[in-house]
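# return atomic coordinates for the entry below.
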Amino acid sequence: MLEAVLNSLTVVLIASAFFTTALAAVRGRDVQDKSLQKVPVRVSSRRRQNG
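From the prediction side, this is the model:
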């Protein structure tokens, strides 16, 4: 009986970890899409000096 309860608790913990990871991945994808917007960047050009 105790073994069945422990197995059930293990299954519940694994399932909750899976769903938590899946939700984090889905929410993370939305954040990444917003961060991939093109933003103008100013780059200073450095010239090499010969000599």
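# what about Ser44, neighbour count?
Counted with other Cβ atoms under 10 Å, residues neighbouring Ser44 total 4. Every residue, glycine included, has its C-beta placed from N, CA and C.
# does it belong to a helix, a strand or coil?
Counting by DSSP: H, G, I helix; E, B strand; the rest coil, the backbone at Ser44 sits in coil.
# would you list every one of the strands in this protein?
Assigned by DSSP state E, the strands in the chain number zero.
# what residue ranges in it score low on pLDDT?
For the chain, the stretches with pLDDT under 70 are 29-37, 47-51.
# 80 - rerun?
28-51 (pLDDT under 80).
# where do the helices sit along it?
2-35 (DSSP state H).
# give me phi/psi at Val43?
Here is the backbone geometry of Val43 (degrees, to the nearest 10): phi -110, psi 130.
# how many other residues sit next to it?
5.
# go on, Pro40?
Every residue meeting other Cβ under 10 Å relative to Pro40 is counted, giving 4.
# before we move on, what about Val5?
9.
# so how far is Leu13 from it?
13 Å (Cβ to Cβ, to the nearest Å).
# can you check Lys38 too?
For Lys38 relative to Leu13 (Cβ to Cβ), the value is 42 Å.
# who's more crowded, those two?
Leu13 (10 against 5).
# ok, the more buried one - contacts?
Residues counted as contacts of Leu13 (Cβ atoms under 8 Å, 6 or more residues apart in numbering): none.
# and Leu23, by the same measure?
Listed by Cβ under 8 Å, 6+ apart, the contact set of Leu23 is empty.
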